[in-house]
Structures are given as structure tokens and as C-alpha cells.
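>>> Need coordinates for the below:
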Amino acid sequence: MFGYLVGRLSQAVVVVFAMSVIVFVGVYAIGNPIDVMIDPGATAEIRENLIRQYGLDQPLWRQYFTFVGNLFQGDLGRSMVYNISVTSLVFSRLPATLELVLVSVTIAAVVGIPAGLYAGYRPNSIGAKLIMALSVLGFSVPTFWIGMLLIMAFAVELGWLPSGGRGEVAEFLWFKTSLATSNGWSHVIMPAINLSLFKMGLLIRLTRAGMVEAMGAEYVRFARAQGLPDRQIVFSHILRNISIPVITVFGLELGSTLAFAVVTETVFNWPGVGKLIIDSILQLDRPVMVSYLVMVVILFVLINLIVDLIYARLDPRVRLKGGS
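Numbering: from 1, shown residues only. Predicted coordinates:
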């Protein structure tokens, strides 16, 4: 196991390095942020001073290694728009995104997995066909369109829920969260449902496919021959065997939800990291863009590693290289 961990961590370092180079070069190519920051009528002297201040007069390779050196010291740079530390800026928005992601993946898992199990257990029933039809809608309908429908229905027409924003926050343990207040829950429920629909549809279809395949397996027939009730067979045997692909997809979707909740945060005016990156792209706030994208790469690498380790815990047949 130790050899496997060392090997995967070495691969992770290579992946993060390669992706950081690609991200840095890509962001560098989209334009000069100084053109957005200063007035078009500013003098050449003011322009040159700003370029020197942010180190944009240096060669690209030197800017990159300066960024990497600062990164190892925990310094992600300074926002060109907000004029504060990028670390402080990102972490001030991160709790809102974490709240949204936590609620959305919980909804997706709590609804999607049982629905998929039922659809696979009774594949020809009306309920199963209705579940599969709804899962197709979750895949097919654009997130922004569903979000606008939710706002029109529950905020504008019915007036049950607020149309956007994070709501009130309160202290919980050592941090502030909107999930500690009823007003915060009224704000988070619509964007969380909107964000969860695609993941829910994916989990339903994946769980159903595994369930249908497992129902015809020999160990299920043997368990039924022993007289075990179907509930015990499903939850003690089938669910454990189909959990590996479900957990794999769930882990990857957790990372993608955290990294790319951009559309939902924009539609519902949710003050999270996704909305921050959209604003940074529009304003060419290069330090924020680079730092965010590098953090996304690191996030996906860590989630992949955690999912691989869970494999061995759930299925003893999985053999990890370098460990036993």
C-alpha cells in the first residue's frame, strides 16, 4: 500500500505540474489585464508602471516560476481587481460553494441511489419507467433553463422561496454558514436542487444498470435459494457489489460539482467561487483565474486518489500495485 501511495503521489505531482503550465500559458494568451484595469486615456508612463508592478514585463517562464515559488509559500498572488490576496478572496467565497455542493450531492445521492435500486429491482413497473424518464430529463435539459424555471415558479409566481443570494449566516463551530439558519436554507434549496439534477440522473441510471445486471447473478439466485428476504439480498449483497462504479462516479461528480458550479451560481446570484471565476474572466483578473484552475486540478487529483483507496476497502478483489 505504501508503494502504491508513493507511486500515485508521484504521478499526481507530474499531473499538477503539467496542468499548471498549460493553465498558466492558456490564461496568459487570452489578453493583457492592464487593458481592462486602466482608463483608455491613461498615459504610457502609468501603463508601464502598472505592468512593472504586476511583473508583466518579465518573460513568461520567469512569471511562471515566480508563481510556483510563491505557491509553495502559500501565496497565490494578489487580485488585480479587488487588490487583496487571492488566497483570502478565494477562501472568503469557498464556504458558500461548499454549502451548495454539500446539499446538492446529498440530494443527488439520497434520491438517486434508492430510485435506481427500485428501477432496477422492478424494471418493468410504471414507477421504474417514470424514474428513468425523469433521469433522462436531468441529463438533457440545460441547467440554466431549469434554474430559470425554478425561479419563475417558486420565487416569482408562488413567492415561496427567494430568487437568489445566500441568505443569513450564523456561527457553527468555528466558521460561518447559511445552513445554520432557516433563512439560509430557504436560499440554498433551489440552487442545490438545480445543481443536483444531472448528478441524480447519472446515479439513477448507473445504479439501475448495476442492479439489473446483479439480479441475474449466481450469488443472488443462491441467496434466494437459501430463503433470504429480498431486502437483505439487495442491501447486504447487491448494493455492496455495485457500489464501486457508483462511488467512482460519485467521487468524480463531487469534484466536478465543486469546480464547475459556475452556471448555477450565476443564475441564482450565489456568492461562491464559481461566480468569482466568471467575474475574474470578464475582468481578466489573471492571478485569480490561474489560482482557481490550479486548485481545480489539485482537487481532481486528490479525489481520484481517494476513490482508488476506497476501491480496496469495498472490494478485496481489487489489488493495488505496490501493496497487498
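>>> where does the nearest residue to residue 141 once chain neighbours are set aside land on pLDDT?
Closest residue to residue 141 apart from its sequence neighbours, by Cβ to Cβ, 6 or more residues apart in numbering: residue 197 at 7.8 Å. Where you see a C-beta, it was placed from the backbone N, CA and C, and this is true even at glycine. For residue 197, the pLDDT comes out at 88.
>>> give the contact list for residue 197.
Shown in contact with residue 197 (Cβ atoms under 8 Å, 6 or more residues apart in numbering): 137-138, 141, 143, 146.
>>> Please apply the same query to residue 112.
Counting by Cβ under 8 Å, 6+ apart, residue 112 touches 199-204, 207.
>>> Show me where the stretch 201-324 of the chain dips below the pLDDT cut-off.
Low-confidence segments of the stretch 201-324 of the chain (pLDDT under 70): 259-260, 311-324.
>>> All the helices of it, in order from the start?
Along the stretch 201-324 of the chain, the segments classed as helices by DSSP state H, counting those that start in this stretch run 218-225, 230-232, 239-259, 262-267, 273-282, 286-314.
>>> Turn those into JSON lines, including mean neighbour count and distance to residue 153.
Output for the helices of the stretch 201-324 of the chain, formatted as JSON lines (neighbours: other Cβ atoms under 10 Å; distance: least, Cβ to Cβ, whole Å):
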{"stretch": "helix 218-225", "mean neighbour count": "12", "distance to residue 153": "42"}
{"stretch": "helix 230-232", "mean neighbour count": "10", "distance to residue 153": "37"}
{"stretch": "helix 239-259", "mean neighbour count": "18", "distance to residue 153": "23"}
{"stretch": "helix 262-267", "mean neighbour count": "21", "distance to residue 153": "14"}
{"stretch": "helix 273-282", "mean neighbour count": "20", "distance to residue 153": "23"}
{"stretch": "helix 286-314", "mean neighbour count": "18", "distance to residue 153": "32"}
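>>> of the contacts of residue 197, buried ones?
138, 143, 146 (16 or more other Cβ atoms under 10 Å).
>>> which ones are touching the second one?
Meaning residue 143. 194-195, 197-198, 263-264, 267.
>>> Among these, which pair sits farthest apart?
For the contacts of residue 143, the farthest-apart pair by Cβ to Cβ is 198 and 267; their separation is 14.1 Å.
>>> What angle do helix 286-314 and the lengthiest helix in the chain make with each other?
Looking across the chain with DSSP state H, the single longest helix is helix 86-121. Computed by axes from the mean of the first three to the mean of the last three Cα atoms, to 10 degrees, the angle separating helix 86-121 from helix 286-314 equals 40 degrees.
>>> hmm, back to that, check the contacts of residue 143 against residue 130 and report the nearest one.
Using Cβ to Cβ, the contacts of residue 143 come closest to residue 130 at residue 197, 15.5 Å.
>>> Of all the residues in the helix or strand that the closest one is a member of, which ones are buried?
Counting by DSSP states H and E, the element that carries residue 197 is helix 182-215. The neighbour-count check on helix 182-215 (16+ other Cβ under 10 Å) flags 184-185, 187-208, 210-211, 214-215 as buried.
>>> Can you check what angle separates that helix from helix 86-121?
Going by the same axes, to 10 degrees, helix 182-215 makes 40 degrees with helix 86-121.
>>> could you give the angle of helix 182-215 to helix 239-259?
Counting by the same axes, to 10 degrees, helix 182-215 points 140 degrees away from the direction of helix 239-259.
>>> Give me the distance from stretch 288-304 to the chain's centre.
Distance, stretch centre to chain centre, for stretch 288-304: 11 Å (Cα atoms, centre = their mean, to the nearest Å).
>>> From here on, call the first residue 35.
Taking 35 as the first residue, the last one we looked at is stretch 322-338.
>>> for residue 205, which residues make a bridge with it?
Listed by DSSP bridges, the beta-bridge partners for residue 205 are residue 210.
>>> ok, which pair from the contacts of residue 231 is furthest apart?
Within the contacts of residue 231, 171 and 177 form the most distant pair, 12.0 Å apart (Cβ to Cβ).
>>> before we move on, back to that, and the helices of the stretch 235-358 of the chain as CSV, adding distance to residue 79?
Formatted as CSV, the helices of the stretch 235-358 of the chain follow (distance: least, Cβ to Cβ, whole Å):
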stretch, distance to residue 79
helix 252-259, 78
helix 264-266, 78
helix 273-293, 41
helix 296-301, 38
helix 307-316, 27
helix 320-348, 22
